[in-house]
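Enquirer: Below are the sequence and a predicted model; questions follow.
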Amino acid sequence: MPANPQLNANGELQHLLSIEGLPREILVQILNTAESFAGVTEREVKKVPLMRGKSVFNLFFEASTRTRTTFEIAAKRLSADVINLNVAVSSQSKGESLLDTVANLSAMQADVFVVRHASSGAPYLIARHVKPHEHVVNAGDGRHAHPTQGLLDLYTIRHYKKDFSRLIVAVVGDVLHSRVARSLIHGLTTLGVPEVRVIGPQTLMPAGVEALGVRVFHDMRAGLKDCDVVVMLRLQNERMSGPLLPSAQEFFKNFGLTADKLALARPDAIVMHPGPMNRGVEIDSPVADGPHSVILPQVTFGIAVRMAVMSIVAGN
Amino acid sequence: MTSKLPDAEALLPALAAQLKPAVTPATAMIGLHTGGAWVAERLHPLLGMKDPLGLMDIAFYRDDYAKEGLKHDPKKTRIPFEVEGRDLLLVDDVLYTGRTVRAAMNELFDYGRPRSIALVVLADRGGRQLPIEARYCGVRIEVPASKKLRLKRAANGKLSLELEDAS
């Protein structure tokens, strides 16, 4: 088996590319470190000097507002210098290759590359070519992985539920196209969640998804029964008119999270969503804004989790 | 070697007696994770301060991050009182190079501007690399650079000083 490209010779996290294949101890280290950073973000001075003098390059080959912004805030709170590159509209449109772009940025003394790319595996390619002191954090690659989102979901679940070992967690919606779902499922199983369910129409469920250790439901009401955590996935607009779905209304009727469907979950269930939400498509407004929703705390926790990831990789 | 080390339990009441005359209504205490927190947890109830004990982990302020990285899971810093204008007793177990204390002072000033900070340590082993001294000290011990002086806490809560080989 080839060595895990995310770990250095001492088994420490060198790059964060995917939750898949990370040992439990590293996931716990990231969550614990993030918890300490959450304390920092509650202070009046929300900054620590840890990464003073280091440079973080946000390299977004695909549009993103929330993820890029929270990475930027996280890097600034670590006292790093942050450079945002919206590569979709710069060099690449002039024909520069991915590795040439990275080599140029490396020549500008980068320490961390935060990479979002529409192609699965692009951050792996970059990680194979960077210098030993440079680190890559995957901020979403194609349909493959979105590890910091998965980690912030894990952080949110631990924050509200304390213990993973007795939970039923349901991931609902377009599992097929979701890199968030994939990252989260790997994290949940690694941390010992006994029952992970995926709920969605057959057409939006990857073939062989059971191999990830999940129970598959095509009936949302059956799937939500007794759940402690409900993670809604975004239904991407471009899928709605495609051949996989009859209509957004039809999807909402069957798989949209409404108060009456949520009533089947445990009374203290939490509702999560990675954003951006389509109200009235995968989630009803009264649920999104209701007492079970922890969707906005997720965003806040995301900053502490990204501080933890960047400070751990940049120190290894 | 171990038998010659002072008894940490015996040092605690003596250290509390040194501190007692200095405590005013403006005094508050902060212990540094992990050993300093143990010492502070023992001293704090003996001094009748009105504010709860603060605990601090200086991991995010260390000066050796570039070399060492973040190796241990940092604990959450909890300071349950206003730092602004207070007279702080900063408590650590063993004073050595002074770097931990420097990092702690840097972190403290991100919470506010204390009126004063006094350093309290259970043991001072010498070997300072920075101009930092303890105002209240349980014991001074000469320890060679090849050794590490550590505070241990047993399951029953008893504290003891031990010598280990420095890694």
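Expert: Here it is on my side, so go on.
Enquirer: now stretch A:302-316: mean pLDDT?
Expert: Per-residue pLDDT values over stretch A:302-316 give a mean of 97.
Enquirer: Next, see if it gets close to chain B.
Expert: Yes - Stretch A:302-316 reaches chain B (C-beta under 8 Å from any C-beta of the partner chain) through A:311-312, A:314-316. Placement of C-beta: from N, CA and C, glycine included.
Enquirer: Not counting its own residues, what contacts stretch A:308-316?
Expert: Stretch A:308-316 is contacted by residues A:8, A:10, A:12-16, A:29-31, A:33-34, A:36-37, A:50-51, A:54, A:56, A:71, A:74-75, A:78, A:80, A:111-112, A:114, A:135, A:137, A:148, A:151, B:60, B:65-66, B:68-71 when judged by C-beta atoms under 8 Å, 6 or more residues apart in numbering or on different chains.
Enquirer: between the residues of stretch A:302-316 next to chain B, which is nearest chain B?
Expert: A:Gly315 (2.4 Å; C-beta to the nearest C-beta).
Enquirer: Quick one: residues contacting the closest residue to the closest one other than its chain neighbours.
Expert: Nearest residue to A:Gly315, sequence neighbours excluded (C-beta to C-beta, 6 or more residues apart in numbering or on different chains): B:Gly69, at 2.4 Å. B:Gly69 is in contact with A:12, A:312, A:314-316, counting by C-beta under 8 Å, 6+ apart.
Enquirer: By neighbour count, which of the residues you listed wins?
Expert: Among the contacts of B:Gly69, A:Ala314 has the most neighbours (other C-beta atoms under 10 Å in any protein chain shown), with 25 neighbours.
Enquirer: Name the SS class of it, please.
Expert: helix (DSSP: H, G, I helix; E, B strand; the rest coil).
Enquirer: Could you pull up phi and psi at A:Lys46?
Expert: phi -100, psi 30 (degrees, to the nearest 10).
Enquirer: now do A:Arg52
Expert: According to degrees, to the nearest 10, A:Arg52 has phi -60, psi 130.
Enquirer: count of neighbours near the nearest residue to it once chain neighbours are set aside?
Expert: Ranked by C-beta to C-beta, 6+ apart and with sequence neighbours excluded, the top spatial neighbour of A:Arg52 is A:Ser79, at 4.4 Å. Each residue near A:Ser79 was counted by other C-beta under 10 Å, and the total is 15.
Enquirer: Now do B:Gly157 against chain A, distance only.
Expert: Counting by C-beta to the nearest C-beta, to the nearest Å, the gap from B:Gly157 to chain A is 24 Å.
Enquirer: Look up how far B:Asp57 lies from that residue.
Expert: In this view, B:Gly157 and B:Asp57 are 21 Å apart by C-beta to C-beta, to the nearest Å.
Enquirer: do the same with A:Gly53
Expert: 22 Å.
Enquirer: Between these two, which is the more surrounded one?
Expert: Per other C-beta under 10 Å, whichever of A:Gly53 and B:Asp57 has more neighbours is B:Asp57, with 21 against 11.
Enquirer: Quick check: phi and psi on that one?
Expert: Dihedral angles (degrees, to the nearest 10) for B:Asp57: phi -110, psi 120.
Enquirer: show me what contacts it?
Expert: Contacts of B:Asp57 (C-beta under 8 Å, 6+ apart): A:36, B:32-33, B:74-77.
Enquirer: Residue 44: neighbour count?
Expert: Just so you know, I chose chain A. A count of nearby residues for A:Glu44, using other C-beta under 10 Å, gives 7.
Enquirer: The intended chain is chain B.
Expert: By other C-beta under 10 Å, 21 other residues sit near B:His44.
Enquirer: residues in contact with it?
Expert: B:29, B:31, B:53.
Enquirer: element containing the residue minimising distance to the centre of chain A?
Expert: In chain A, the centroid-proximal residue (C-alpha atoms, centre = their mean) is A:Gln149; its distance is 1.7 Å. Element membership for A:Gln149, per DSSP states H and E: helix A:147-161.
Enquirer: following that helix, which helix or strand comes up?
Expert: That would be, after helix A:147-161 and using DSSP H and E, strand A:168-172.
Enquirer: circling back to that earlier point, quick one: which of the contacts of B:His44 is nearest to A:Asp141?
Expert: Set against A:Asp141, the nearest of the contacts of B:His44 by C-beta to C-beta is B:Gly31 (44.0 Å).
Enquirer: and chain B, which residues reach chain A?
Expert: B:57, B:59-62, B:65-66, B:68-71, B:73-78, B:106-107, B:110-111.
Enquirer: Among those, name the buried ones.
Expert: B:57, B:59-62, B:65, B:69-70, B:73-77, B:106-107, B:110-111 (16 or more other C-beta atoms under 10 Å in any protein chain shown).
Enquirer: Remind me what the helix or strand of chain B with the lowest mean pLDDT packs against, helices and strands.
Expert: Ranked by mean pLDDT, DSSP states H and E, the weakest helix or strand in chain B is helix B:65-68, scoring a mean of 90. Contact here means 3 or more C-beta pairs under 8 Å, 6 or more residues apart in numbering or on different chains; DSSP states H and E; on that basis helix B:65-68 packs against helix A:295-315.
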